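**Student:** sequence and predicted structure below; questions after.
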Amino acid sequence: MKTRKLILENGEVFEGTAFGSENGSDGEVVFTTGMTGYQETMTDPSFCGQIVTMTYPLIGNYGMNRDDFETIAPAIKGFVVQELAKTPSNFRSERTVDEFCKQKNIPGIEGIDTRKLTRMIRTEGSVKGYITAVGEEVNVEEVVTRLQNTTFPTNQVEQVSTKSAYPSPGRGKKVVLMDFGMKHGILRELNKRDCDVVVVPYNTTAEEILSYNPDGMMLSNGPGDPKDVPEAVETIKALIGQLPIFGICLGHQLFALASGADSFKLKFGHRGANHPVKDLKTGRTELTSQNHGYAVDPDSLEGTDLEITHVALNDGTVEGIRHKVHPVFTVQYHPEASPGPEDSNHLFDEFIELMNTYAGKEQSQHA
């Protein structure tokens, strides 16, 4: 059994057993609370640059399969678990988590006290950390000093966005999907509704988007700080009022910035598949899948044309907004539910209805 360490910038050291890649890696250490869905978590582009800790103690017991990837090029910097299943049992399983991490060059560490690590992150906030290479002898104090003086890249969206536009054909509504680090589950839900989708890079101009003559625009999820993507903010600003828009996660934050609101960094973020969110219109509470480290500042909505539609019941943060004048609504959570639950899947149907209503108004105006 090969050992390695997880060293944090606060000087804390966790020693455990290595799996996956034997290389070392550093990143922002975060935790996610989902009991299942580790494959979707590991391949979610929103985790770009982060070392992901699973709070559920046993991970990997149903293996990895070909159907549940959110991207085929995972961008996480490390994977931390309490216990890793060595012999998964599931009829869809094609490889183990260890084999997948080796193939994708993801260093993993198991056997550490993930509960202690999670409590530390909840108390101190997300921290920078380093997973040592297998067999690497390190001076802990030097690593801590390096981490404390390290500034991680802020171009995560550029790293995970598509480099060129591509189609995902259908015979229904024409949708341009801006890819800031899109989970494939979002594209799947649009395809399921027969949308004719064109996926475009994060820095696509408003003129180019309109040249596709879309019925609506989808703003995807993605990693990092929305303020690090000013070109997307300008594009969205130019398109508000031009066509119906539906935003998810980072797309929600970018729309808020484009409308004159502000965002802020959460202490330790919302990551998991069990976050309760209340719909202020219906009074209904839905359990949601979430993965974000930033949120929209509710006080900054004053003086804008935005109104809050959803709030998090755990901490009261903004989980949904809509434009009072134009056909735009966005949510902070993941209605595509990858991994589940699927309480909020109906929002994709509402987006279709919004496009149909807008198209009807446009036709009546030109009649």
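**Tutor:** Sure thing, it's come through. Please read these numbers as outputs of a predicted model, since none were measured by experiment.

**Student:** how about the strands in the stretch 151-300 of the chain?
**Tutor:** Using DSSP state E, counting those that start in this stretch, the strands of the stretch 151-300 of the chain run over residues 166-168, 174-178, 196-200, 216-219, 245-248, 263-279, 285-296.

**Student:** in TSV, list those strands along with mean pLDDT.
**Tutor:** Compiled in TSV, those are given as follows (pLDDT from 0 to 100):
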stretch	mean pLDDT
strand 166-168	98
strand 174-178	98
strand 196-200	98
strand 216-219	98
strand 245-248	98
strand 263-279	96
strand 285-296	97
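
**Student:** give me phi/psi at the closest residue to Leu347 other than its chain neighbours?
**Tutor:** Spatial nearest neighbour of Leu347, chain neighbours left out: Pro335 (4.2 Å); criterion: CB to CB, 6 or more residues apart in numbering. For every residue, glycine as well, the C-beta is placed using N, CA and C. The phi/psi pair for Pro335 (degrees, to the nearest 10) reads phi -70, psi -20.

**Student:** is Pro335 in contact with Asp349, as I believe?
**Tutor:** No. At 9.9 Å, Pro335 does not count as touching Asp349 under the criterion of CB atoms under 8 Å.

**Student:** separation between Ile308 and Gly316?
**Tutor:** Separation of Ile308 from Gly316 (CB to CB, to the nearest Å): 10 Å.

**Student:** who has more neighbours, those two?
**Tutor:** Ile308 (14 against 10; other CB atoms under 10 Å).

**Student:** quick check: buried residues in the host helix or strand of the more buried one?
**Tutor:** Using DSSP states H and E, Ile308 sits within strand 306-312. Judged by neighbour count using 16 or more other CB atoms under 10 Å, the buried positions of strand 306-312 are 306, 309-312.

**Student:** could you dump those to a markdown table with distance to Lys104?
**Tutor:** Supplementary listing: the buried residues of strand 306-312 in a markdown table, determined by distance: CB to CB, whole Å:
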| residue | distance to Lys104 |
| --- | --- |
| Leu306 | 39 |
| Thr309 | 37 |
| His310 | 34 |
| Val311 | 37 |
| Ala312 | 32 |
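
**Student:** looking at the residues you listed, which is nearest Lys77?
**Tutor:** Ala312 (26.8 Å; CB to CB).

**Student:** what sits closest to that closest one if chain neighbours are left out?
**Tutor:** Using CB to CB, 6+ apart, the closest residue to Ala312 is Glu319 (5.0 Å).

**Student:** so the one you found: helix, strand or coil?
**Tutor:** strand (DSSP: H, G, I helix; E, B strand; the rest coil).

**Student:** what's around it, how many residues?
**Tutor:** 29.

**Student:** do I have it right that it meets Val277?
**Tutor:** Yes. With contact defined as CB under 8 Å, Glu319 reaches Val277; the gap is 4.6 Å.

**Student:** find the residues that touch each one of those two.
**Tutor:** Common contacts of Glu319 and Val277 (CB atoms under 8 Å, 6 or more residues apart in numbering): 288, 310-312, 333.

**Student:** export the residues you listed to CSV and tack on distance to Phe152?
**Tutor:** Below are the shared contacts of Glu319 and Val277 laid out as CSV (distance: CB to CB, whole Å):
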residue, distance to Phe152
Thr288, 27
His310, 30
Val311, 30
Ala312, 26
Tyr333, 25
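
**Student:** for those residues, which one is nearest Ser220?
**Tutor:** Out of the shared contacts of Glu319 and Val277, the member with the shortest distance to Ser220 (by CB to CB) is Tyr333, at 13.4 Å.

**Student:** what's near enough to touch the closest one?
**Tutor:** Contacts of Tyr333 (CB under 8 Å, 6+ apart): 248-249, 275, 277, 288-290, 310, 319, 344.

**Student:** most surrounded residue in the residues you listed?
**Tutor:** Of all these, Ser289 has the most neighbours under the rule other CB under 10 Å, reaching 31 neighbours.

**Student:** that one touches Gln332, doesn't it?
**Tutor:** No. Using CB under 8 Å, Ser289 is not in contact with Gln332; the gap is 11.1 Å.

**Student:** same for the strand or helix carrying Gly27, what does it pack against?
**Tutor:** Using DSSP H and E, Gly27 sits within strand 25-32. On a contact count with 3 or more CB pairs under 8 Å, 6 or more residues apart in numbering; DSSP states H and E, strand 25-32 meets strand 50-54, strand 78-81, helix 114-124, strand 127-131, strand 263-279.

**Student:** one more time with 10 Å, if that's ok
**Tutor:** Contacts defined by 3 or more CB pairs under 10 Å, 6 or more residues apart in numbering; DSSP states H and E place strand 25-32 against strand 3-8, strand 50-54, strand 78-81, helix 114-124, strand 127-131, helix 140-148, strand 263-279, strand 285-296.
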